[in-house]
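Visitor: Here is my input, please return the structure:
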Amino acid sequence: MLNVVRLWIALSALIVSAGWILSLGHALNIPGYLAVFAAGIVGLGWARKKFQWLSFDGYRWNWKKWRQRFKRPAPFLFLVLVVLSFFSGALYPAYNYDANAYRLPRVFHWLAEQRWHWIYTHDFRMNVAAPGFEWLSAPLMLFGRGDRLIFLINWISYLMLPGLIFSLFRRSKMSSRVCWWWTWLLSSAGWCYALQAGSIANDSFAVIYALAAVELALRAAKNGKISDFWLSCLAMALLTGVKQTNAPLGLVWLGAIWPARRVLRTNLVGTTLVGVVCVLVSLIPITFLNYKYGGAFIPEDAHGIALLGPFKLKPFWGVVGNVFCITVQNLVVPFYYLIPPLYDGWPVGWNQIMLEFLKTPFGSHFSSFENFGFLSAIYYNGISEGNAGIGLGLSVLLLISLRDARRLRRQHHMVSPPRRYDQVFWLRILPWASLLVFMAKVGTFENARHLAPYYPFLFPLLLARPGHDLLVRRRGWQRFGLFLMAFTAFMIVMLTDRPLFPAQSFFTWLSDKYPKSVIASNEFISYVQSNYQAMAARRKYLASVLPDDGKPVAYLANVFDIDEPGIWMPYGRHRVACIMSEDSPEQLRARNIGYLVLDGNMVHWRSGTAAAWAKEYNATLLGSYRFPRRVILNSSMVTPPDFYIAHLN
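Guide: Next up, the predicted model:
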């Protein structure tokens with residue numbers, strides 16, 4: 001399996017670096033990528049003669065061994081999750097919020113220009129966010145003419161997770177039985193990994209780069225192979241290129257790679273070339289461009305980002321605030337909206353308490369956070385790939401395990417071995433130092449999911465002490481762990497954006513049969529009238545009403561709107577031009593714009609009415625769209641349509 005991981009790192013580095021290189025030649029197109037893949041195949045043929053791991057010599061697929069492995073309940077449940085997550089991603093379009101708000105649109109803009117460029121947009125995240133996942137997505141979007149294949153990045157990464165976690169745990173000197181159980185638990189009951197396996201979120205897949213970077217660094221120190229050293233460097237660079245918040249894990253990697261530094265002398269030319277690729281796939285290019293165009297590592301005062309929060313954390317209060325926020329986010333109860341008496345009002349009430357807390361003298365210390373203490377379950381209909389950390393179940397099991405292991409140590413008079421300040425010690429300690437750096441500097445919303453690459457590294461310090469080996473042998477403990485894995489599978493089946501059962505038919509029937517039931521009403525809203533269903537309906541409407549006249553389609557959006565990908569797809573039919581509310585009619589005509597898709601709230605905020613906007617811009621209103629809701633969430637409010645369709649005269 002490690003050879004597959006090595007190949008995945010090499011392929012990822014090829015695709016990400018190709019994005020930047022092709023952009024330099026305005027060749028971010030099908031011929032450009034075909035040339036890159038052809039060069040990659042030639043390079044693979046040459047490298048097979050140089051590096052033994054590429055030959056896969058002696059490898060035989062042992063079906064009997066695999067069947068025996070998956071007869072055991074824990075591996076079998078992981079296999080069930082793999083199958084469910086595949087169908088979850090394959091059967092449904094990609095409706096992840098962040099992806100539709102800025103990650104998919106930025107790739108479509110780059111492909112349309114055949115290069116990376118600084119985008120004129122209402123949402124500055126299109127420009128300043130680390131683009132590693134987007135570069136991996138670009139060829140899939142180009143050849144697939146949309147977003148339906150992107151989930152494979154997460155799904156393939158998920159297949160490699162158990163082996164890498166087990167290797168990390170064994171190198172941390174945990175007992176083999178504890179390693180085995182917690183490997184399957186973290187892979188199967190860690191909600192951020194299981195729920196994102198079939199999605200296009202860009203948090204959990206990066207854990208493969210983090211784990212591989214450390215594993216290959218430790219192997220290079222032991223076997224002296226320069227190829228493992230190079231791949232470790234590439235994996236670490238890829239990790240930072242996915243999200244800026246992954247950079248603190250560099251501390252863990254430095255602790256692992258330092259003993260292997262002697263292998264650098266074996267091939268200085270090759271190391272230099274690999275170093276250039278590492279620069280390309282890391283966060284260095286986007287950091288340089290952010291300074292060039294925005295004047296900062298992340299331009300916090302930019303349009304769009306400024307609305308999220310000031311992000312000027314003081315380290316001490318950043319750590320204190322994140323301890324609270326990350327704990328709360330990981331303890332959210334799934335399916336909370338079925339719990340009386342508040343049902344789906346639980347997060348609303350909690351968020352209101354947090355708003356009042358920020359007004360107090362003590363709460364003012366946390367005003368630099370983006371929505372401090374908020375629960376995003378209100379936006380995602382419970383727990384989903386958009387807000388899940390390791391989750392309530394695994395958090396509870398970990399706390400129980402720490403308590404019971406301590407009791408066992410006392411009962412059996414177990415003594416921990418004397419502390420040795422060797423590499424194993426630093427492999428356990430440095431992840432917690434990285435976590436402190438993260439918490440001191442990062443004040444964004446939903447930090448529990450942003451920590452997905454960190455979680456496996458935090459467990460060895462907690463589970464390496466005596467007592468856990470006895471604990472995992474207990475039948476009750478094992479049953480609870482297996483229950484958590486099975487419950488995670490149930491959560492995947494019940495996801496509101498990608499249900500694996502006829503949810504809309506069932507809950508429409510249920511709400512008709514029990515019209516006064518709060519639970520039936522909430523479930524109807526979650527599965528039939530949620531933001532995901534509204535997004536899908538708007539995509540269908542846009543595909544049916546926007547003709548292809550050869551001119552760019554203008555998109556006037558509210559910050560954080562999610563409908564732009566629906567205008568682009570299928571890719572090649574339309575080209576989208578983002579416009580701002582302050583753009584003049586002359587500016588729009590200078591950009592050769594024909595049709596316009598106008599966010600209803602923005603139009604009413606800008607001009608009062610759609611008719612007034614049309615008069616000001618000398619445009620014709622062709623129609624409007626409002627997602628039909630049988631259950632009106634707030635019938636006293638009069639809201640504008642979701643968007644208007646117009647054409648410049």
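Visitor: so Phe169 touches Pro460, yeah?
Guide: Yes. Using C-beta atoms under 8 Å, Phe169 is in contact with Pro460, at 6.2 Å. (Each C-beta comes from the backbone N, C-alpha and C, glycine too.)
Visitor: what's the spacing between the residue located most distally from the centre of the chain and Tyr380?
Guide: The centre of the chain is farthest from one residue, His413, which by C-alpha atoms, centre = their mean lies 44.0 Å away. Distance of His413 to Tyr380, computed by C-beta to C-beta, to the nearest Å: 48 Å.
Visitor: sorry, back to before: what is in contact with Phe169 and Pro460 at once?
Guide: Counting by C-beta atoms under 8 Å, 6 or more residues apart in numbering, Phe169 and Pro460 have no common neighbour.
Visitor: follow-up on the earlier one: the residue farthest from the centre of the chain looks like it's in a strand, true?
Guide: No. Counting by DSSP: H, G, I helix; E, B strand; the rest coil, His413 falls outside a strand, being coil.
Visitor: where's it relative to Trp8, distance?
Guide: From His413 to Trp8 the distance is 46 Å (C-beta to C-beta).
Visitor: try Gly349
Guide: Counting by C-beta to C-beta, the gap from Gly349 to Trp8 is 44 Å.
Visitor: who's more crowded, those two?
Guide: More crowded of Gly349 and Trp8, by other C-beta atoms under 10 Å: Trp8, with 20 against 10.
Visitor: shaky segments in the stretch 501-649 of the chain?
Guide: The stretch 501-649 of the chain contains residues with pLDDT under 70 at 630-638.
Visitor: let's see it at 80
Guide: 531, 549, 559-560, 629-638 (pLDDT under 80).
Visitor: in it, which spans are strands?
Guide: Taking DSSP state E, counting those that start in this stretch as the test, the strands found in the stretch 501-649 of the chain are 553-556, 576-579, 595-599, 619-625, 643-648.
Visitor: most neighbours per residue, which of those strands?
Guide: Mean neighbours per residue, mean count of other C-beta atoms under 10 Å, is largest over the strands of the stretch 501-649 of the chain for strand 595-599, with a mean of 26.
Visitor: for it, packing partners?
Guide: strand 553-556, strand 643-648 (3 or more C-beta pairs under 8 Å, 6 or more residues apart in numbering; DSSP states H and E).
Visitor: tell me the angle of the longest one relative to strand 595-599?
Guide: Taking axes from the mean of the first three to the mean of the last three C-alpha atoms, to 10 degrees, one finds that strand 643-648 is oriented at 150 degrees with respect to strand 595-599.
Visitor: Strand partners (parallel or antiparallel) of strand 643-648?
Guide: Strand 643-648 has its sheet partners listed here by DSSP bridges as strand 595-599 (antiparallel), strand 619-625 (antiparallel).
Visitor: Now distance to Asp422 too, for those, in a markdown table please.
Guide: Output for the strands paired with strand 643-648, formatted as a markdown table (distance: least, C-beta to C-beta, whole Å):
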| stretch | distance to Asp422 |
| --- | --- |
| strand 595-599 | 58 |
| strand 619-625 | 64 |
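Visitor: Could you look up the SS state of Phe425?
Guide: helix.
Visitor: Let me know how buried it is, in neighbour terms.
Guide: Residues near Phe425, counting by other C-beta under 10 Å: 15.
Visitor: Now for the spatially closest residue to it that is not a sequence neighbour, how many residues are close by?
Guide: Distances taken as C-beta to C-beta, 6 or more residues apart in numbering place Arg419 nearest to Phe425, at 6.9 Å, with adjacent residues excluded. Neighbours of Arg419 under the rule other C-beta under 10 Å: 7.
Visitor: Can you verify my assumption that Arg419 contacts Ile429?
Guide: No. The criterion here is C-beta under 8 Å, and Arg419 misses it with Ile429 at 10.6 Å.
Visitor: how much space between Pro73 and Trp184?
Guide: 9 Å.
Visitor: can you check Lys225 too?
Guide: Lys225 is 30 Å from Trp184, by C-beta to C-beta.
Visitor: again with Phe51
Guide: 31 Å.
Visitor: Look at the two and report which has more neighbours.
Guide: A direct count of neighbours by other C-beta under 10 Å for Phe51 and Trp184 places Trp184 higher, at 23 against 18.
Visitor: residue contacts, the more buried one?
Guide: 74-75, 77-78, 162, 481, 485.
Visitor: Quick check on it: phi, psi?
Guide: In terms of degrees, to the nearest 10, the main-chain angles of Trp184 are phi -70, psi -30.
Visitor: just the one 5 residues further on next, same as before
Guide: As for Ala189, its main-chain torsions (degrees, to the nearest 10) stand at phi -110, psi 0.
Visitor: Number of residues surrounding it?
Guide: Other residues close to Ala189 by other C-beta under 10 Å number 28.
Visitor: My read is that it contacts Phe483, right?
Guide: No. Using C-beta under 8 Å, Ala189 is not in contact with Phe483, being 9.0 Å away.
Visitor: Quickly find the element holding Val333.
Guide: Taking DSSP states H and E as the definition, one finds Val333 inside no helix or strand.
Visitor: Distance-wise, check the nearest residue to it once chain neighbours are set aside relative to Asn322.
Guide: Nearest residue to Val333, sequence neighbours excluded (C-beta to C-beta, 6+ apart): Leu392, at 6.1 Å. For Leu392, the distance to Asn322 equals 18 Å [C-beta to C-beta].
Visitor: Please say which of those two ends up with more neighbours.
Guide: Between Leu392 and Asn322, counting by other C-beta under 10 Å, Asn322 is the more crowded of the two (25 against 18).
Visitor: quick one: the more buried one is in a helix?
Guide: Yes. Looking at Asn322 with three-state DSSP, it is inside a helix.
Visitor: which residues of the stretch 201-350 of the chain fall in helices?
Guide: 207-223, 226-242, 250-257, 268-281, 284-294, 315-330, 346-358 (DSSP state H, counting those that start in this stretch).
Visitor: In a markdown table: those, plus mean pLDDT and distance to Gln68.
Guide: Output for the helices of the stretch 201-350 of the chain, formatted as a markdown table (pLDDT from 0 to 100; distance: least, C-beta to C-beta, whole Å):
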| stretch | mean pLDDT | distance to Gln68 |
| --- | --- | --- |
| helix 207-223 | 95 | 25 |
| helix 226-242 | 95 | 30 |
| helix 250-257 | 95 | 33 |
| helix 268-281 | 94 | 39 |
| helix 284-294 | 92 | 46 |
| helix 315-330 | 94 | 35 |
| helix 346-358 | 89 | 45 |
